[in-house]
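Undergrad: Take this sequence and fold it.
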Amino acid sequence: MKIIKYLLFLPPILIPGNLVRPAACQVRRYFLLCIKKAINMEPALLNEVPSLDLADFTSGDAQRKQRFVEDLGAAFTNIGFVAIKNHGLSDALRNDLYESVKQFFSQPDDVKKKYEFPELFGQRGYIGKGKETAKGFKVADLKEFYHVGQPEPIGQMPSNIFPDEFPDFKKYTLEVYHTFENTGKTLLRAIAIYLDLPEGYFEDKVKNGDSLLRALHYFPIPNPELVPEGAVRAAAHGDINLITLLMGASAEGLEVLRRDGEWIAITALPDQIVVNVGDMLDRLTNHKLKSTIHRVVNPPREKMGTSRYSIPFFMHPRADMDLTSLESCVTAEQPKLYTNMTAGEFLDERLRELGLKK
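TA: I've put the predicted structure just below:
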């Protein structure tokens, strides 16, 4: 370090009629360039999502808590995804939920469509095949899904709809909803600390928030040759909400777009969930925390005849939350990127882009 400091201030040698730059001055220029690059250097490219333990944040140990905050922030400013263990969801509850979800989606279409209400714009109940198209795409995703929302709706929020034939579906979806809502609130406390906000900054904004638990079925394709060109299980997209919590899917296929343009597979251990930044949090932080584009690719042709199930929890605030970018996240180096909107206005815009609202 002393050598570097010396080189930074080492002057060139002046000879009558000439300005000579000795080797030391060339070294100085090299170090200056290195320092400049280091200051502006982007974080390293990752080949997998970082793994963290939520118990570190809730342990009561200040050092462990701060380390979790820093590691979570580093992951969200880099790749936007992280794998979390000790998240509160038991294996038994996860398995029970998946069984009830599989039971519902195995029913004939006429049974499932009893719980589809287009006037709700896909915010509650069943949403059939070919109904959702990712922003910027013209071909619908190869999926069907079911939305369970806020159990204690307020304002204009619709009430939940549950299939009468399957009481376990209601029981387990609501239990997981409450579990992930609590886990999400804990993660938002860590995010608030990372952003130098009060730890409880998000509490009032997500109380009775319009979060959604989505039971997803990527249905079998017995005749792959008949699939429309470009159709995939879930085209490249960003999530609308603040953060998404995803329990382990029944099959591989989830990929995230790294900033160098490479798609990398997202995998988590059986005891982990995957958590990612949504567009609302990206807007609030002026893209400091990254909502990263991701997709679910089609399986190899020989596996197209099999189902894939996935259950994400999209954590939303209430519609009146102001998503105006935080002043602390707007700088000369990172000017303001987004127009001011509320969460409700942004959700309405995105539902129209997805084709769920006309």
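Undergrad: What strand or helix carries residue 100?
TA: helix 91-105 (DSSP states H and E).
Undergrad: what pairs with the nearest residue to residue 212 once chain neighbours are set aside across the strands?
TA: Setting aside the residues directly before and after it, residue 212 is nearest to residue 314 in space (CB to CB, 6 or more residues apart in numbering), at 4.6 Å. In short, each C-beta sits where N, CA and C put it, glycine included. Counting by DSSP bridges, residue 314 forms beta bridges with residue 212, residue 244.
Undergrad: Kindly state the pLDDT recorded for residue 314?
TA: pLDDT for residue 314: 97.
Undergrad: so it touches residue 246, yeah?
TA: No. Applying CB atoms under 8 Å, one finds residue 314 not in contact with residue 246, separated by 9.6 Å.
Undergrad: and the residue nearest to residue 212, how many neighbours does it have?
TA: Neighbours of residue 314 under the rule other CB atoms under 10 Å: 23.
Undergrad: Residue 166: what's it in contact with?
TA: Counting by CB atoms under 8 Å, 6 or more residues apart in numbering, residue 166 touches 100, 103, 104.
Undergrad: from those, which single one is nearest residue 193?
TA: residue 100 (36.4 Å; CB to CB).
Undergrad: confidence score at the closest one?
TA: pLDDT at residue 100 comes out at 97.
Undergrad: And for the one 10 residues further on?
TA: Among the per-residue scores, residue 110 shows a pLDDT of 95.
Undergrad: helix or strand right after whichever strand or helix holds it?
TA: Secondary structure from DSSP H and E places residue 110 in helix 109-112. Using DSSP H and E, the helix or strand that directly follows helix 109-112 along the chain is strand 125-127.
Undergrad: Now do that following strand: everything it contacts.
TA: Against strand 125-127 from outside (CB under 8 Å, 6+ apart): 112, 113, 114, 115, 116, 117, 144, 145, 146, 147, 161, 356.
Undergrad: Of all pairs in these, which one is the farthest apart?
TA: Between all members of the contacts of strand 125-127, the farthest pair (by CB to CB) comes out as 114 and 356, at 19.0 Å.
Undergrad: Buried by neighbour count: which residues of stretch 333-341 qualify?
TA: For stretch 333-341, burial by neighbour count (16 or more other CB atoms under 10 Å) applies to 338, 341.
Undergrad: how far out from the middle of the chain is that stretch?
TA: 20 Å (CA atoms, centre = their mean, to the nearest Å).
Undergrad: Render the CA-only coordinates of the helix holding residue 100 in CSV, please.
TA: Extracted in CSV, the C-alpha atoms of helix 91-105 (Å, rounded to 0.1, in the frame of the first residue of the first chain):
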residue,chain,number,x,y,z
ASP,A,91,-41.6,-30.9,4.8
ALA,A,92,-45.0,-32.4,6.0
LEU,A,93,-46.9,-29.2,5.1
ARG,A,94,-45.2,-28.8,1.8
ASN,A,95,-46.0,-32.4,0.9
ASP,A,96,-49.6,-32.1,2.0
LEU,A,97,-50.0,-29.0,-0.1
TYR,A,98,-48.6,-30.5,-3.2
GLU,A,99,-50.8,-33.6,-2.8
SER,A,100,-53.9,-31.4,-2.6
VAL,A,101,-52.8,-29.3,-5.5
LYS,A,102,-52.2,-32.3,-7.7
GLN,A,103,-55.6,-33.7,-6.8
PHE,A,104,-57.3,-30.5,-8.0
PHE,A,105,-55.4,-30.2,-11.2
